[in-house]
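# need coordinates for the following:
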Amino acid sequence: MSVSTPEPDPPEPARGVDAVVLVGGKGTRLRPLTLSAPKPMLPTAGVPFLTHLLSRIAAAGINHVVLGTSYKAEVFQEYFGDGSRLGLDLEYVVEDEPLDTGGAIRNVADRLREPDAMVFNGDILSGVDLPAVLATHRANAADVTLHLVRVDDPRRFGCVPTDADGRVTAFLEKTDNPPTDQVNAGCYVFRREAVESIPAGRPVSVERETFPGLLASGARLQGHVDSSYWLDLGTPAAFVRGSADLVRGIAPSAALPGDPGEALVLEGARVREGAELAGGCTIGAGCQVGAGARVRGSVLFDGAVVGAGAVVEDSVIGAHALVGDGAVVRGAVVGDKAVVGAGCELLDGVRLWPGVHLPDGAIRFSSDV
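So this is what the prediction gives:
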C-alpha cells in the first residue's frame, strides 16, 4: 500500500504588513554583467536573484509586495508579472530619476495597504528570520526597526550601535575604530507614518538623512541584531560566492531549482565524461562542459561553452560565451558572447566585455578587456 506525503501547510499570513523591495540600482560594480540585465535579475543559482528573495518573503507569509524599479524596469514585470506564480500580489513603481534608498521608499508610499512595511534592498542575500524581525518591531512599538548583522570586520561599513534595550543610538560612518560590530543589513520595518514622513520627489539617503532625523525627533528606532547569513552581492566575487552558497544550501532559499549540492546542472546542459563540477557551481541551460574540464564555484549563464581540459574557478561565464580548450579562468568575468581562446589565462579580477575575442594563448591579469 502506498502512502502519500502530505503537502506542507501554507505559511501563516503575516498580518498588517506589506513588503517593499528596492531594485532600482544600475549595478555598476557588476558590469559587464549588468549591461544586459538589472542586478536582481542576474541568474543566481539557476533563477534570477530576486526570485530567491521573493520566495523568502512569501514563506514569511507576506502576500503584497511593491517593487521599486528604475533601471530596465520593464524586465521585472515581464518576468514576474502579477506575482501569482510565487503566491504573491506584486505591484511595480518606477522611479523617473534615482531617488536613493529613502526617496525610493517614499516613492511607493501610495501603494502601501497595511500599518507596517518591511523594506528590502534588492541585492542582499540574507538568512534572517523575517517573522522575528517583525516581532521585534511590534514588541517594541518601534517607528522603524533595522536588521543589524554582526560582521568580522566592521571597518568596511558604517556601524549602528544600540543600547541595552536594543534601541538604536547613532549611525556612524566608516572608521578604523568602530565602537560596535553591528552594521546595517539592508532590511527594515517602517511604520507607515514613518514612510510618509520622508520628503517626497527628491533623493533621500536613509543612513544620512532619514534615520538621523528620526533619532533627533525622538522616534524609536529599534535594532534586531543577529549573526545570520548575510552577503551584499554588489561585486562579481560576492555574486559568485552568493550563488555558490545558495547551490550548496549554505544560504537559505525556497526557490533553488534542484537539491542542494556541489553543482546545479540545468535543463539541456551537457557535461562530458571526466569533467569535474564542484564548489556550488551552476551550469546553465544549454551549456556544454568539455571532457576533463574543471568548473568550481562558478556560474555559467545559459548557453556558455567550456572546452575540454579548461579550468573555470570562482568566475562568471556569460550567456553563449566560449572558454576554449585548456584555457584557465580564475576569479574573472567573461561577458556574454565573448570568446576566451584556447590556452588563454584570465586571472585576478579580469573582466572580458561582451563580444570580445581573446586570441589563443593570451594572458590577462587584473584589467578589463
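# tell me where the stretch 151-300 of the chain is predicted with low confidence.
For the stretch 151-300 of the chain, no stretch has pLDDT under 70.
# can you show me the helices along it?
192-196, 211-216, 236-247 (DSSP state H, counting those that start in this stretch).
# what's the most buried one of the ones you listed?
Of the helices of the stretch 151-300 of the chain, the one with the most neighbours on average (mean count of other CB atoms under 10 Å) is helix 236-247, at a mean of 23. Using the backbone N, CA and C atoms, a C-beta is placed for each residue, glycine as well.
# which strands and helices sit next to that one?
strand 43-44, strand 124-126, strand 230-232, strand 281-283, strand 299-300, strand 316-317 (3 or more CB pairs under 8 Å, 6 or more residues apart in numbering; DSSP states H and E).
# I'd like those laid out as TSV, including distance to residue 344 and mean neighbour count.
Putting the helices and strands packed on helix 236-247 into TSV (distance: least, CB to CB, whole Å; neighbours: other CB atoms under 10 Å) gives the following:
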stretch	distance to residue 344	mean neighbour count
strand 43-44	24	24
strand 124-126	31	23
strand 230-232	30	19
strand 281-283	20	29
strand 299-300	17	32
strand 316-317	13	29
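# TSV for those strands, including distance to residue 165?
Output for those, formatted as TSV (distance: least, CB to CB, whole Å):
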stretch	distance to residue 165
strand 43-44	37
strand 124-126	24
strand 230-232	23
strand 281-283	43
strand 299-300	43
strand 316-317	44
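# got the domain ranges for this protein?
17-236, 262-365 (automatic domain parsing).
# hey, where'd the strands end up in the stretch 101-250 of the chain?
For the stretch 101-250 of the chain, applying DSSP state E, counting those that start in this stretch gives strands covering 116-121, 124-126, 144-150, 182-191, 221-226, 230-232.
# how distant is the last one from the center of its chain?
A distance of 8 Å separates the C-alpha centroid of strand 230-232 from that of its chain, computed with CA atoms, centre = their mean, to the nearest Å.
# same question for the third one.
Its chain's average C-alpha position is 17 Å from that of strand 144-150, according to CA atoms, centre = their mean.
# mind listing what's buried in it?
144, 145, 146, 147, 148, 149 (16 or more other CB atoms under 10 Å).
# would you format the strands of the stretch 101-250 of the chain as JSON lines with distance to residue 294 included?
What follows is the strands of the stretch 101-250 of the chain, written out as JSON lines (distance: least, CB to CB, whole Å):
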{"stretch": "strand 116-121", "distance to residue 294": "34"}
{"stretch": "strand 124-126", "distance to residue 294": "26"}
{"stretch": "strand 144-150", "distance to residue 294": "34"}
{"stretch": "strand 182-191", "distance to residue 294": "35"}
{"stretch": "strand 221-226", "distance to residue 294": "37"}
{"stretch": "strand 230-232", "distance to residue 294": "25"}
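# which one of the ones you listed lies closest to residue 100?
strand 116-121 (11.7 Å; CB to CB).
# which other helices and strands contact that closest one?
Secondary-structure packing of strand 116-121 (3+ CB pairs under 8 Å, 6+ apart): strand 17-22, helix 49-59, helix 100-107, helix 130-139, strand 182-191, helix 192-196.
# now with 10 Å?
Strand 116-121 is packed against strand 17-22, helix 49-59, strand 64-69, helix 100-107, helix 130-139, strand 144-150, strand 182-191, helix 192-196, with contacts defined by 3 or more CB pairs under 10 Å, 6 or more residues apart in numbering; DSSP states H and E.
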